[in-house]
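In: Quick one: sequence and predicted model below, then my questions.
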Amino acid sequence: MTAVAGGTSAAEGAGSGEDAFLAAFDAAVAAEERIEPRDWMPDAYRATLVRQMAQHAHSEIIGMQPEANWITRAPSLRRKAILMAKVQDEAGHGLYLYSATETLGTGRDELLDKLHAGRQKYSSIFNYPTLTWADVGAIGWLVDGAAITNQVPLCRCSYGPYARAMIRICKEESFHQRQGFELLLALSEGTPEQHAMAQDAVDRWWWPSLMMFGPPDGESAHSAQSTAWKIKRFSNDELRQRFVDICVPQAEALGLTLPDPDLRWNEEKGGHDFGTVDWSEFQAVLKGNGPCNEERITQRRRAHEDGAWVRDAAAAYAAKQAAGSDEKAVAA
Amino acid sequence: MSEQTEWPLWEVFVRSRRGLSHTHAGSLHAPDAELALRNARDLYTRRGEGVSLWVVPSAAITASSPDEKDPFFAPAADKPYRHPTFYEIPEGVKHL
């Protein structure tokens, strides 16, 4: 998202000079300065950012699928317009993040190829199905709520283009969360069947939402280094705790319960105690064995291939126009 | 599958309202300037963030070097007399 895409700084790998560059990089990070695309940065920092930002971008565009599933069946024109705007936002968020990732010298086509080949991941949450209309509400309230909890600290990430993309995304996400909450509230206060539908959706999405914060702190592979580089500002467990504490009163306002018998206020720690996440389920979904892994990636590949003729036609038209104007220029 | 190479990259600048200059918002891919402008509208002004857009081919931008040792900006540092605070003015002198 910065004027000139990254790549290799002229000085990179310049032997003894590298120590000086590393010292300057460390000092900039320590001083809360932002690292910008053409600055020297350690290869591992660049690789970590590409991995995280690509996964984030992929999550945004794969995340369009479970919700788009309900666009044609939205119960009113108002809800349909809202849902279309939300799904379009997710596409936009994906593009902000691809564009930010490109500043690190990795092209969007390459990132998409890796997603389609299964060599880069997206958030496991999108491998769960949207079985009823209430799931659209549960996704907005819980999934986008968890995403916001994760993303707000990323607005202060040490890499400038990522932080700027996150600021833009977080502004837009709050509409996503509020429309989900409002949708669930309407169902919860509706007929007994509608209330039951809302409760069922929350029951199914609660635990996968808690998994969105990643494995417990002790088992998180990249956390320590990302924290040192100020890419990550809070630990997985800290953010998970924050999210639970935010959700409990919101669930009460909705008139819905959270499916955790161990959930209770702990006066001493000033937060809620809650049950243990089923990490074996998390690992299984991560490895590709979730309910919708196959469907999501197949649909993504199909959308990409079905759109190829549009991309080709636009490129051919642009080439023809450019050739035409060259001829005119020669003639003139 | 498409044999075309990737659409070129464009930088997008948005004037958020009259009286302000265009500010860099981000980048996008588009086959030509016209579609870059349309994509920029859809991507960067979905909530009325702008009244005017510029799109510029990223390849057309020449940037200064970010290297720490680069003396490019150094000459400005030793000319404090360019700042009004450099000058001592007797107390009580107004409008200066």
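Out: Nice, thanks for sending it over.

In: Which helix or strand contains the residue nearest the centre of chain A?
Out: Note on chain A: the residue nearest the mean C-alpha position is A:H56, at 4.0 Å, using CA atoms, centre = their mean. For A:H56, the element it lies in under DSSP states H and E is helix A:43-62.

In: list the helices and strands that helix packs on?
Out: helix A:77-102, helix A:108-116, helix A:223-228, helix A:293-306 (3 or more CB pairs under 8 Å, 6 or more residues apart in numbering or on different chains; DSSP states H and E). Every residue, glycine included, has its C-beta placed from N, CA and C.

In: winner for burial among those?
Out: Of all the helices and strands packed on helix A:43-62, helix A:77-102 has the most neighbours on average by mean count of other CB atoms under 10 Å in any protein chain shown, namely a mean of 20.

In: what angle do it and helix A:43-62 make?
Out: Comparing the axes of helix A:77-102 and helix A:43-62 via axes from the mean of the first three to the mean of the last three CA atoms, to 10 degrees yields an angle of 160 degrees.

In: before we move on, back to that, what residues are up against the residue nearest to the centre of chain A?
Out: A:L97 (CB atoms under 8 Å, 6 or more residues apart in numbering or on different chains).

In: The one helix or strand B:V55 maps to near chain A anywhere?
Out: Using DSSP H and E, B:V55 sits within strand B:52-57. No - applying CB under 8 Å from any CB of the partner chain, one finds strand B:52-57 separated from chain A by no less than 8.6 Å.

In: contacts for that strand?
Out: The contact list for strand B:52-57 (CB under 8 Å, 6+ apart) reads B:8-15, B:22, B:30, B:33, B:36-37, B:40-41, B:44-45.

In: what about that strand, average pLDDT?
Out: Strand B:52-57 shows an average pLDDT of 98 in the prediction.

In: Next, the buried residues of that strand.
Out: Judged by neighbour count (16 or more other CB atoms under 10 Å in any protein chain shown), strand B:52-57 contains these buried residues: B:L53, B:W54, B:V55, B:V56.

In: what's the closest of the residues you listed to chain A?
Out: Using CB to the nearest CB, B:V56 is the member of the buried residues of strand B:52-57 that lies nearest chain A, at 8.6 Å.

In: Need phi/psi at A:S158.
Out: In this entry, A:S158 is assigned phi and psi values of phi -70, psi -20 (degrees, to the nearest 10).

In: Who's the closest spatial neighbour of it, skipping the chain neighbours?
Out: In space, and not counting its chain neighbours, A:S158 is closest to A:K230: 4.0 Å by CB to CB, 6 or more residues apart in numbering or on different chains.

In: which SS class is the one you found?
Out: What DSSP: H, G, I helix; E, B strand; the rest coil gives for A:K230 is coil.

In: Around chain B, which positions in the stretch 151-300 of chain A sit nearby?
Out: Proximity of the stretch 151-300 of chain A to chain B, by CB under 8 Å from any CB, involves residues A:R164, A:A165, A:R168, A:E172.

In: With respect to A:L286, which of the helices and strands packed on helix A:43-62 lies nearest?
Out: Closest of the helices and strands packed on helix A:43-62 to A:L286 is helix A:293-306, at 9.3 Å (criterion: CB to CB).

In: residues near residue 62, how many?
Out: The chain I'm using is chain A. 23 (other CB atoms under 10 Å in any protein chain shown).

In: Chain B, not that one
Out: There are 7 residues near B:T62, going by other CB under 10 Å.

In: middle-most residue in chain B, spatially?
Out: Against the mean C-alpha coordinate of chain B, by CA atoms, centre = their mean, the closest residue is B:H24 at 4.5 Å.

In: following whichever strand or helix holds that residue, which helix or strand comes up?
Out: According to DSSP H and E, B:H24 maps onto strand B:23-29. For strand B:23-29, the following helix or strand on the C-terminal side (DSSP H and E) is helix B:33-44.

In: helices and strands around that next one, which ones?
Out: helix A:77-102, strand B:9-15, strand B:23-29, strand B:52-57.

In: pLDDT of stretch A:274-293, averaged?
Out: In this model, stretch A:274-293 carries a mean pLDDT of 94.

In: and that stretch, how far from the chain's centre?
Out: Distance, stretch centre to chain centre, for stretch A:274-293: 18 Å (CA atoms, centre = their mean, to the nearest Å).

In: And stretch A:293-302, by the same measure?
Out: Going by CA atoms, centre = their mean, where stretch A:293-302 is centred and where its chain is centred differ by 17 Å.

In: Next, the contact list for A:V143, please.
Out: Going by CB under 8 Å, 6+ apart, A:V143 touches A:G63, A:I125, A:W205, A:S209, A:M212.

In: Can you point out the buried residues in stretch A:32-41?
Out: Within stretch A:32-41, the residues scored as buried using 16+ other CB under 10 Å are A:R34, A:I35, A:E36, A:P37, A:R38, A:D39, A:W40, A:M41.

In: returning to what we had before: going by distance to A:Y45, which of the buried residues of strand B:52-57 wins?
Out: Using CB to CB, B:V56 is the member of those that sits closest to A:Y45, with 28.4 Å.

In: how close does that closest one get to A:Y96?
Out: For B:V56, the distance to A:Y96 equals 18 Å [CB to CB, to the nearest Å].

In: In helices, which of the residues of the stretch 151-300 of chain A next to chain B fall?
Out: Using DSSP state H, A:R164, A:A165, A:R168, A:E172 are the members of those that sit in helices.
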